[in-house]
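1. structure for the following, please:
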Amino acid sequence: MTPRMPWSARLGLALTLLFALLALVGPWIAPYDEARVVGEVWEPFSRAHPLGTDHLGRDMLSRMLYGARRTIGIALAATCLSFVLGTTLGYLAATLGGWVDAVLSRVVDTLMSIPTLIFALVVLAVLPPSVTVLILVMAVLDSTRVFRLARAVAMDVVVLEFVEAARLRGEGLGWIVLREIGPNTLPPLLAEFGMRFCFAILFLSSLSFLGLGIQPPAADWGGMVRDNANAIAFGLPVPLVPAAAIALLTVAVNLVVDWQLRRATAGRGA
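-> Residues are numbered from 1 along each chain as shown. Okay, the predicted model is just below:
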């Protein structure tokens, strides 16, 4: 019997859905345009500017709402693409074995041997900055971790009797991967999806903080921390607002992921 959703998971799910809703409707409900200067530099919280203004006098609430769509959208797109690439190659490596497994594993080992941030900095410094390039770089780097997990869980399944029976029936590679291996490896991959999504948000924020993520004047949470970092020296909480949003979303998703892991473990125990 699987455990009921605890209060922590309910809280995490509610916060995650709230952030998702803000990402969807944020630009429509923002009081100002994200690039419009509407006040003085680093104005305090007020009725006109509930989260104050930034280093150029732009409304922080508006930029947070615009930034939610970019931060969450890019992280989600990169995570989905990394899972499509990583799980596909991981399943193929586990199912076909032999030289296919050896080649794919060695390529992944090579990519994983390079520090992720350094690799991303080099690639993004060479290629023209764009959202598409950013998503592709993040997806390729993250797919190596997904490949490792997908291959590991698939290796435990391909040796089972029902997979061998499918092969003896003459089922093709697509059937075995989609109908036999996929459904039986889904729970750990779903939990890993949440973890990878969190890492994608943190990685995107790190790139934006270093100036290689979303380019100004477009808003994203990591870039907003970088732009307003000097406010800390004056005792102003402006950069803490986007930093708190990043931390809160990461914690919320992790609460849901932890519950999914416990649920999957209980299901296997039953």
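2. so, low pLDDT: which residues of this structure?
-> 1-3, 264-270 (pLDDT under 70).
3. centroid-nearest residue for it?
-> Per Cα atoms, centre = their mean, the C-alpha nearest to the average position across the chain is that of F197, at 2.2 Å.
4. thought that residue was touching T79?
-> Yes - between F197 and T79 there is a contact at 4.6 Å, judged by Cβ atoms under 8 Å. (Glycine included, C-beta is placed from N, CA and C.)
5. correct me, but A75 touches L204?
-> Yes - A75 is within contact range of L204, at 5.5 Å (criterion: Cβ under 8 Å).
6. and for these two, which residues touch both?
-> Taking Cβ atoms under 8 Å, 6 or more residues apart in numbering as the contact rule, A75 and L204 both touch M138.
7. and the gap between G211 and L121?
-> For G211, the distance to L121 (Cβ to Cβ, to the nearest Å) stands at 10 Å.
8. please apply the same query to R69.
-> Taken as Cβ to Cβ, the span from R69 to L121 is 25 Å.
9. repeat that for R36.
-> For R36, the distance to L121 - Cβ to Cβ - is 31 Å.
10. comparing these two, which residue is more hemmed in?
-> The residue with more neighbours, out of R36 and L121, is L121; 17 against 13, by other Cβ atoms under 10 Å.
11. please name the nearest non-neighbouring residue to that one.
-> L212 (6.3 Å; Cβ to Cβ, 6 or more residues apart in numbering).
12. that neighbour in helix, strand or coil?
-> Of the three states, L212 takes coil under DSSP: H, G, I helix; E, B strand; the rest coil.
13. settle this for me: it is touching L127, isn't it.
-> No - taking Cβ under 8 Å as the definition, L212 is not a contact partner of L127, at 10.1 Å.
14. between these two, which is the more surrounded one?
-> L212 (17 against 13).
15. mind checking how far the more buried one is from L11?
-> 34 Å.
16. which residue ranges form the helices in the protein?
-> Secondary structure of the chain, counting by DSSP state H: helices at 7-29, 60-96, 98-113, 116-126, 131-158, 161-168, 173-175, 182-184, 186-209, 221-227, 240-269.
17. including distance to F234, could the ones you listed go into a markdown table?
-> Putting those into a markdown table (distance: least, Cβ to Cβ, whole Å) gives the following:
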| stretch | distance to F234 |
| --- | --- |
| helix 7-29 | 28 |
| helix 60-96 | 15 |
| helix 98-113 | 42 |
| helix 116-126 | 29 |
| helix 131-158 | 32 |
| helix 161-168 | 63 |
| helix 173-175 | 60 |
| helix 182-184 | 54 |
| helix 186-209 | 19 |
| helix 221-227 | 14 |
| helix 240-269 | 13 |
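18. any idea which of those is most buried?
-> Highest mean neighbour count of the helices of the chain: helix 221-227, a mean of 25 (counted as mean count of other Cβ atoms under 10 Å).
19. which residues are contacting it?
-> By Cβ under 8 Å, 6+ apart, helix 221-227 touches 54-56, 60, 63-64, 67-68, 71, 204-211, 213-214, 216, 239, 241-243, 245-246.
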